[in-house]
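J.: dropping the sequence and predicted coords here.
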Amino acid sequence: MMYFKRSFVSLVAVLLVLTGAFLWTHGARSDDIYSAISKNLPILGLIYKEVSSNYVDQVDAERFLKAGIDGMLNTLDPYTVYFDRDDDHQIQVLTQGKYGGVGMPLNLRNNVVTVVEPPFLGTPAARVGIREGDMIIKVDGEDTEKMGLDEAARRIRGPIGSEVTLTIRRQGESKLLEFTLVREQIKIDDVRYAGYIRDGIGYIRLTRFSKNAGPEVAEAIRQLNPQNLEGLILDLRSNPGGMLEAAVEISDLFLPKGVTIVSTKGRSEGSMREEKSRQIPIYGEGHLVVLVNRFSASASEIVAGAIQDHDRGLVLGDTTFGKGLVQSLIPLSQSAALKITTAKYYTPSGRCIQKRDYSSWSDSSSTDNTLAYYTRLGRIVKGGGGIAPDINITSPRMSDIAWDMRRKSLFFNFAVHYHTTHANLDSNIVVDDTIMKEFRNYLKTKSFEFQHPIESQLDELKTESLEAGYGTALLEDIDRLKQALESAKETMLASSEDEIKLFLRRELASKFYGLRREVEVGLEDDPVVSRALEILSDNQSYSSILEK
């Protein structure tokens, strides 16, 4: 009974917060809303109690409660979510960029929980010698195959100072390895890479916007030394965003003091805000290019939009995601919090970043992309959601066969295998014919068979033809098409060889020389970065685009 009361209190807290949001958006009379809650809340409690106590099968009461809360929030937008004590890691990373753990990035590879990048330097995982490619078979004696990635990651995290025992399978080792690690505070760096990629041209890759993002970018610029910079590339591609304060701090590093960076508008007075630059910029005059793609969202779009609207630099890449909803993190108890959407973002020119209306009520902002807005110098920029780049460069489409290999982790796994079986590799990472021959042999040992997307459709058509009796002529045509596709696969592999070499080059660079070299190798092969370098090296071209 005590557990039921504690869980139900969490549900009531969520309802009260959502009631406040409902009042903001609808302007309804508070007595009407609270009257509806007082009428329906007891019913909700009775349903929770009866199902938890009397359902034919055993019910996980905590999971059942969270499902009810998630069901309510799913009627709003994808970003209004409830966190409980099991999600404490997410709250810490969201607000502070740190958590209690052992410091190794995990993901599923071949359906096995695997260390997918080298452990962060100086962390418990790095100190005991855990490597990229290690497969986590057990956590504290329990098989990870049964628990899955999320549960395994949750169990590896934990209170600082506590222990966790990992059982690992490593390629080249005949026996399983066992490590006992003491959890520490793990800080995630938002700046993944900073350095010069050409004389006078600096490059900073920012992967997230946590509390640490602003100071990290500022330090990266200082390390590059603004006086030596002829141009700077700020890479926000695939950066999903994060904290509004971090976006403001980073924009502050480039924009003149006192100009608008972003404004937020909602239904309540508290949601109406205008954020301005507060200090003399660290890098306020040199040439600047911001890279974005369709996965750049939220805080990334705030920074790109502010740079573009003030004509401080050029935005290059694809139109961004269009996530312009403001979330506030509201504590509900010591172990629970609600991240709730309270407003929308607008760029300095007045453009709404949000591309889509997720709410169930009418949207007061237009999503008409024919609307024209103007930058500080009078250039026309279009509204309608997202940030359209000044120079549009669509990243090359990955071939079907390369995508299939990547999806099956074959590049990653081959690089782990190659690193295990070869003592060294030149730092230039040239994927020559010898390496390609080894890769082809590796594909054979793994029984890799590429299935073209059309093949499954042909199989379905053949099954339907047999069942419906469409005749032998059609069946013969289907077989001929399948044979033709099979013959073409070798040609597909050959035509994708350059692309395959790029993926292998990056993975081999990571395994032999670490993440920094992997990033550098990727930049050398990156057509978007090459275009940015061209623009930054041509003062006339750079200036003419800004003055259009």
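T.: Arrived safely.
J.: low pLDDT regions in the stretch 1-150 of the chain?
T.: 1-34, 37, 84-98, 121-122 (pLDDT under 70).
J.: that one: strands as residue ranges?
T.: 81-83, 98-101, 106-109, 112-115, 135-139, 142-143 (DSSP state E, counting those that start in this stretch).
J.: got it, and the stretch 251-400 of the chain?
T.: 260-265, 273-276, 287-292, 314-317, 325-333, 336-346, 372-374, 380-382, 391-392.
J.: residues of stretch 284-304 that come out buried?
T.: By 16 or more other C-beta atoms under 10 Å, the buried positions in stretch 284-304 come out as 284, 286-294, 296-304. No exception for glycine: its C-beta is placed from N, CA and C like everyone else's.
J.: and what of stretch 263-276?
T.: 263-267, 271, 275-276.
J.: just say helix, strand or coil for Ala152.
T.: Taken by DSSP: H, G, I helix; E, B strand; the rest coil, the conformation at Ala152 corresponds to helix.
J.: pull the number of nearby residues for the nearest residue to Met492 once chain neighbours are set aside.
T.: Computed as C-beta to C-beta, 6 or more residues apart in numbering, the closest residue to Met492 that is not its neighbour in sequence is Ile401, at 5.1 Å. By other C-beta atoms under 10 Å, the residues close to Ile401 number 19.
J.: wait, what's in contact with Ile401?
T.: 450, 489, 492-493, 496 (C-beta atoms under 8 Å, 6 or more residues apart in numbering).
J.: of all those, which comes closest to Ile168?
T.: Phe450 (30.7 Å; C-beta to C-beta).
J.: helix/strand/coil for that closest one?
T.: Classification of Phe450 using three-state DSSP returns coil.
J.: next, give phi and psi for it.
T.: Backbone torsions of Phe450, given as degrees, to the nearest 10, read phi -80, psi 130.
J.: any figure for the gap between the residue nearest the centre of the chain and Gly324?
T.: In the chain, the centroid-proximal residue (C-alpha atoms, centre = their mean) is Pro240; its distance is 4.9 Å. Remark: distance between Pro240 and Gly324 (C-beta to C-beta, to the nearest Å) = 13 Å.
J.: same check, this time on Ala468
T.: 50 Å.
J.: ok, now Thr341?
T.: Taken as C-beta to C-beta, the span from Thr341 to Gly324 is 10 Å.
J.: okay, the two: which has more neighbours?
T.: More crowded of Thr341 and Gly324, by other C-beta under 10 Å: Gly324, with 28 against 23.
J.: ok, that one - contacts?
T.: Residues near Gly324 by C-beta under 8 Å, 6+ apart: 298, 301, 344-346, 352-355, 385.
J.: name the nearest of the residues you listed relative to Ala126.
T.: Ser298 (30.6 Å).
J.: nearest spatial neighbour of that closest one, chain-adjacent residues omitted?
T.: Excluding the flanking residues, the one nearest Ser298 by C-beta to C-beta, 6+ apart is Gly241, at 2.6 Å.
J.: just the C-alphas of the helix or strand where Thr165 lies, formatted as PDB.
T.: In this assignment (DSSP states H and E), Thr165 forms part of strand 163-169. The C-alpha coordinates for strand 163-169 follow below in PDB (Å, rounded to 0.1, in the frame of the first residue of the first chain):
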ATOM      1  CA  GLU A 163      31.600  -1.600  -7.900                       C
ATOM      2  CA  VAL A 164      30.500  -3.300 -11.100                       C
ATOM      3  CA  THR A 165      31.900  -6.500 -12.500                       C
ATOM      4  CA  LEU A 166      32.000  -7.000 -16.300                       C
ATOM      5  CA  THR A 167      32.600 -10.200 -18.200                       C
ATOM      6  CA  ILE A 168      34.000  -9.500 -21.600                       C
ATOM      7  CA  ARG A 169      34.600 -11.500 -24.800                       C
END
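J.: and the contacts of stretch 535-548?
T.: 198, 201, 230-231, 233, 287, 289, 311, 314, 316, 377, 379, 390-391, 534.
J.: state the mean pLDDT of that stretch.
T.: For stretch 535-548, mean pLDDT rounds to 90.
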